[in-house]
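Asker: give me a 3D structure for the following:
(2 chains)
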Amino acid sequence: MIEVKNLYKSFGDKEVLKGISATFEKGKTNMIIGRSGSGKTVFLKSILGLIQPNSGHIYFDGRELNKLSINEQRKLRMEMGVVFQGNALFDSFTIEENIMFPMKMFTEMSKAEMENRVDEVLEQVELSGINDKYPAEISGGMQKRVGIARAIVLNPKYLFCDEPNSGLDPKTAILIDNLIHDLTVKYDTTTLINTHDMNSIMEIGEKIILLKDGHKQWEGNKIDVFHTQNEDLNDFVFSSSLFKKIKNIVQKEGKFEL
Amino acid sequence: MYFEAIGKYFGMLKEVFKMPQKKKIFWENFFREIEDLGLKSIGLVGFISFFIGGVVTIQTARNLSNPLIDKLYIGYATIKSIILEFSPTFVSIILAGIVGSYIASTIGTMRITEQIDALDVMGVNSKNHLILPKVLATVTFYPLLIVVSMFLGGLGGWVAGNLTGMVLTEDYLRGIRYSFEPFDITYALIKTVVFAFFIATIPSYFGYYVKGGALEVGRAATKAVIWTSVTIIIFNYILTQLLLS
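Answerer: Numbers count the residues shown, from 1 in each chain, chains lettered A, B, ... in the order given. Next up, the predicted model:
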């Protein structure tokens, strides 16, 4: 479980996070949504420790991030898997070397064990047999899945995904969503997804937090989305006519099922 | 602003000079950097050194055309210029251009494509992981590269002297041996090690802290080359005064 309490962050005069508190549960896909500039990337990077907040507390299963020594923080980071918006694959490494990197760095596994593990995670993301290719030789969707494979190779307790569907076609996007959800359930990870993709929210949004202008505006799940009177959420989620129609149908029928 | 940048540079160095987290990975990176930053530069450095040696010989011979001046001074002046100044300083400035822009742009690209963030969130000391192998590779390999440059510069001078008939082999070799001081080589190698350190660390600094996109990476590479060259020129003077005066 990850708990965030009263997180503040500003860059110069611009306040980006204005006292955000939230709890993200284990075994669930927790989503942070909001328009561009709402502060969700800064929020996620603060939790990851890539940005130092001005004040506030972040707890990883009771361990406060800012009170850990640098070595303890590095150990904690070994429990994290991160899927970056731009994949962040090491372009001078093959796919196998990319996925192997955390194992080489932090474990004493033999080469054969590492190779087996690489094959195992590549199979999980349905990309068997691309071990010797370089990131530039595969498609964006495949790169994203390799990013997920690298993020889960050490069985992380915490999985973070920054805009995992950006730039992907709808079919691949759904594949990625379901993959993240399945891995979350299977390994009981605390998963945080930063997104503004409505399909993702409807597909796997077990807990949703809406950020606006650095504040937490709303909290709920994908079913609550259809019944809330929160104007900011309605404005964000139902800005397209298709989703407006879906909302009307759901409200008439009184239930939401996918 | 400059003081802030200098402080940040030393802050970066503090993280760079830490024990590598995994020695095996460090050595793999070190040998990769020897290849990328050192071996791949040999061809160009050798080519430039050979021809500059030739040019220095021809120019010196032209200026020492007085028949009363012994021809050995042509070889003497050529080899002194190559050992004391051309090889350690000017080859280092050439390397600052080639290798410096390469280092700044590769690290800068890693920064803007979040590859450095990926290392950090994995718990890897990214400064140490990326920069230390580069520093050790340049500091250990460039002295060898400079010795190669000295040899080829001298060889170029001999070839040019013979081809033009301006200096005979015997006179040229007498000139090389005349008043030879081993400390000249030590002085050149000390300078090279210091310059090699700057060639690795200054571009790394500009690449590591780049913000923005491709345009900023390009700008960082340009700034890296300028500031590395300026630092080399300043330290060339300081080291010369300390070691030779």
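Asker: and for A:Lys14, the neighbour number?
Answerer: A:Lys14: 8 surrounding residues under other Cβ atoms under 10 Å in any protein chain shown. (Glycine included, C-beta is placed from N, CA and C.)
Asker: what's it in contact with, if anything?
Answerer: Counting by Cβ atoms under 8 Å, 6 or more residues apart in numbering or on different chains, A:Lys14 touches no other residue.
Asker: and B:Val193, by the same measure?
Answerer: Counting by Cβ under 8 Å, 6+ apart, B:Val193 has contacts B:139, B:142-143.
Asker: what about the helices in the chain?
Answerer: In the absence of a named chain, this looks at chain A. Secondary structure of chain A by DSSP state H: the helices cover A:40-48, A:70-77, A:95-106, A:111-124, A:140-152, A:170-187, A:198-204, A:231-237, A:241-253.
Asker: think we crossed wires, I meant chain B
Answerer: B:2-16, B:23-33, B:40-63, B:72-81, B:91-112, B:115-122, B:126-164, B:169-177, B:182-208, B:214-244.
Asker: spatially nearest residue to residue 107, not counting backbone neighbours?
Answerer: Just so you know, I chose chain A. Using Cβ to Cβ, 6 or more residues apart in numbering or on different chains and skipping the chain neighbours, the partner closest in space to A:Thr107 is A:Leu154 (7.4 Å).
Asker: that answer is for a different chain, and I need it for chain B
Answerer: Of all residues not flanking B:Ile107 in the chain, B:Gly207 sits nearest, at 3.0 Å (Cβ to Cβ, 6+ apart).
Asker: which pLDDT value does the model give that neighbour?
Answerer: pLDDT recorded at B:Gly207 is 97.
Asker: so what's it up against?
Answerer: Here B:Gly207 is in contact with B:103-108, B:110-111, B:217, B:220-221, B:224 (Cβ under 8 Å, 6+ apart).
Asker: which one of the residues you listed is nearest to A:Asn30?
Answerer: Within those, the smallest distance to A:Asn30 is 28.2 Å, found for B:Arg111 (Cβ to Cβ).
Asker: just to revisit the earlier point, put together JSON lines for the contacts of B:Val193, with distance to B:Glu170, pLDDT and neighbour count on each row.
Answerer: What follows is those, written out as JSON lines (distance: Cβ to Cβ, whole Å; pLDDT from 0 to 100; neighbours: other Cβ atoms under 10 Å in any protein chain shown):
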{"residue": "B:Val139", "distance to B:Glu170": "39", "pLDDT": "97", "neighbour count": "18"}
{"residue": "B:Tyr142", "distance to B:Glu170": "33", "pLDDT": "96", "neighbour count": "28"}
{"residue": "B:Pro143", "distance to B:Glu170": "31", "pLDDT": "96", "neighbour count": "19"}
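Asker: now distance to chain A too, for those residues, in TSV please.
Answerer: TSV is the format used below for the contacts of B:Val193 (distance: Cβ to the nearest Cβ, whole Å):
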residue	distance to chain A
B:Val139	22
B:Tyr142	22
B:Pro143	27
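Asker: next, count neighbours for the residue in chain B positioned nearest to chain A.
Answerer: For chain B and chain A, the shortest gap (Cβ to the nearest Cβ) falls at B:Gly123, measuring 3.5 Å. Per other Cβ under 10 Å, the neighbour tally for B:Gly123 reads 21.
Asker: which residues does it contact?
Answerer: A:73-78, A:106.
Asker: and if you look at A:Val153?
Answerer: A:81, A:99-100, A:102-103, A:117-118, A:121.
Asker: got a winner among the contacts of B:Gly123 for most neighbours?
Answerer: When neighbours are counted by other Cβ under 10 Å, A:Arg77 leads the contacts of B:Gly123 with 23 neighbours.
Asker: can you find the residue of the stretch 151-258 of chain A that comes nearest to chain B?
Answerer: A:Phe160 (7.8 Å).
Asker: might one say that that residue is in contact with A:Leu48?
Answerer: Yes. Under the criterion of Cβ atoms under 8 Å, A:Phe160 makes contact with A:Leu48 at 6.2 Å.
Asker: just give the nearest non-adjacent residue to A:Val83, would you?
Answerer: Nearest residue to A:Val83, sequence neighbours excluded (Cβ to Cβ, 6+ apart): A:Cys161, at 4.2 Å.
Asker: quick check: the one you found vs A:Val225, distance?
Answerer: Note on A:Cys161: its distance to A:Val225, by Cβ to Cβ, to the nearest Å, is 20 Å.
Asker: over to B:Met110?
Answerer: From B:Met110 to A:Val225 the distance is 38 Å (Cβ to Cβ).
Asker: ok, B:Thr89 - contacts?
Answerer: B:191, B:195, B:232-233, B:236 are the contacts of B:Thr89 under Cβ under 8 Å, 6+ apart.
Asker: alongside chain B, which residues does the stretch 1-150 of chain A contribute?
Answerer: By Cβ under 8 Å from any Cβ of the partner chain, the residues of the stretch 1-150 of chain A that approach chain B are A:48-50, A:73-78, A:80, A:82, A:84-86, A:88-91, A:101-102, A:104-106.
Asker: again, only this time at 6 Å
Answerer: A:48, A:50, A:74, A:77-78, A:80, A:82, A:84, A:86, A:88, A:90, A:102, A:105 (Cβ under 6 Å from any Cβ of the partner chain).
Asker: quick one: buried ones out of those residues?
Answerer: Buried subset of the residues of the stretch 1-150 of chain A next to chain B (neighbour count, 16 or more other Cβ atoms under 10 Å in any protein chain shown): A:48, A:50, A:74, A:77-78, A:80, A:82, A:84, A:86, A:88, A:90, A:102, A:105.
Asker: for those residues, work out which two are farthest apart.
Answerer: Farthest pair in these, by Cβ to Cβ: A:Arg74 and A:Gly86, 23.5 Å.
Asker: how is chain A carved up into domains?
Answerer: A:1-79+A:157-221, A:91-155 (automatic domain parsing).
Asker: which among those is found nearest to B:Ser41?
Answerer: Closest to B:Ser41 of those is domain A:91-155 (Cβ to Cβ; 18.5 Å).
Asker: what pLDDT, on average, does the closest one get?
Answerer: Here the average pLDDT along domain A:91-155 is 92.
Asker: measure the residue nearest the centre of chain B to B:Ile34 for me?
Answerer: For chain B, B:Ser92 is the residue whose C-alpha lies nearest the centre (Cα atoms, centre = their mean; 2.7 Å). Using Cβ to Cβ, B:Ser92 is found at 17 Å from B:Ile34.
Asker: rewinding a little: buried subset of the contacts of B:Thr89?
Answerer: B:191, B:195, B:232, B:236.
Asker: how about those residues, which pair is most distant?
Answerer: B:Lys191 and B:Ile232, at 8.9 Å, using Cβ to Cβ across the buried ones among the contacts of B:Thr89.
Asker: burial check on A:Gly220, number of neighbours?
Answerer: Neighbour tally, A:Gly220, other Cβ under 10 Å: 17.
Asker: beta-bridge partners for it, please?
Answerer: Per DSSP bridges, the residues bridged to A:Gly220 are A:Ile208.
Asker: that one and B:Glu33: what is the separation?
Answerer: 51 Å.
Asker: can you check A:Lys75 too?
Answerer: Taking Cβ to Cβ, one finds A:Lys75 at 28 Å from B:Glu33.
Asker: related to what we said a few turns ago, residues contacting the residue nearest to the centre of chain B?
Answerer: B:Ser92 sits next to B:195, B:232 when contact means Cβ atoms under 6 Å, 6 or more residues apart in numbering or on different chains.
Asker: per-residue pLDDT of it, please?
Answerer: Reported pLDDT for B:Ser92: 96.
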